[in-house]
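Participant: Sequence and predicted model, in that order:
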Amino acid sequence: MNVMESILKELQARFDILAHREQRKDLGEVCVAPGAVVSMLEWLKRHGGYVHLTHFTVVDWIEDGEFQLSYILTDP
């Protein structure tokens, strides 16, 4: 089991993961409900070794009244 698989398994045990996707062995995407974002980021910082928030961005679909926040973390 690689590091990303291990972290995903931990996240699935602790949070309601809506979706996930592994793009490469060292790059993955995890989607959670808005109410779980802060606690998941805190867990990743304290237990996952992620200490650097590289990017924070938003994508919007104004016509649909929707937007998506993306947090890009890098591991140590």
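Facilitator: Perfect, thanks for sending it. All figures in this text were calculated on a predicted structure; none of them were measured in a lab. Residues are numbered from 1 along each chain as shown.
Participant: all contacts plus neighbour counts: C-alpha atoms, from now on.
Facilitator: OK.
Participant: can you pull the pLDDT of the most far-flung residue of the chain relative to its centre?
Facilitator: The centre of the chain is farthest from one residue, residue 63, which by C-alpha atoms, centre = their mean lies 25.8 Å away. pLDDT recorded at residue 63 is 95.
Participant: same thing with residue 44?
Facilitator: pLDDT, residue 44: 91.
Participant: now swap in residue 52 and tell me
Facilitator: pLDDT at residue 52 comes out at 86.
Participant: Spell out the residue ranges of the strands in this structure.
Facilitator: Listed in chain order, the strands found in the chain under DSSP state E are 17-24, 27-32, 52-61, 66-74.
Participant: Pick out the residue nearest the middle of the protein.
Facilitator: Note: the chain centre (C-alpha atoms, centre = their mean) maps to residue 30, 4.3 Å.
Participant: Any figure for the gap between that residue and residue 4?
Facilitator: Residue 30 sits 11 Å away from residue 4, going by C-alpha to C-alpha, to the nearest Å.
Participant: one step back: can you tell which of the strands of the chain is closest to residue 44?
Facilitator: Among these, the nearest to residue 44 by C-alpha to C-alpha is strand 66-74 (9.3 Å).
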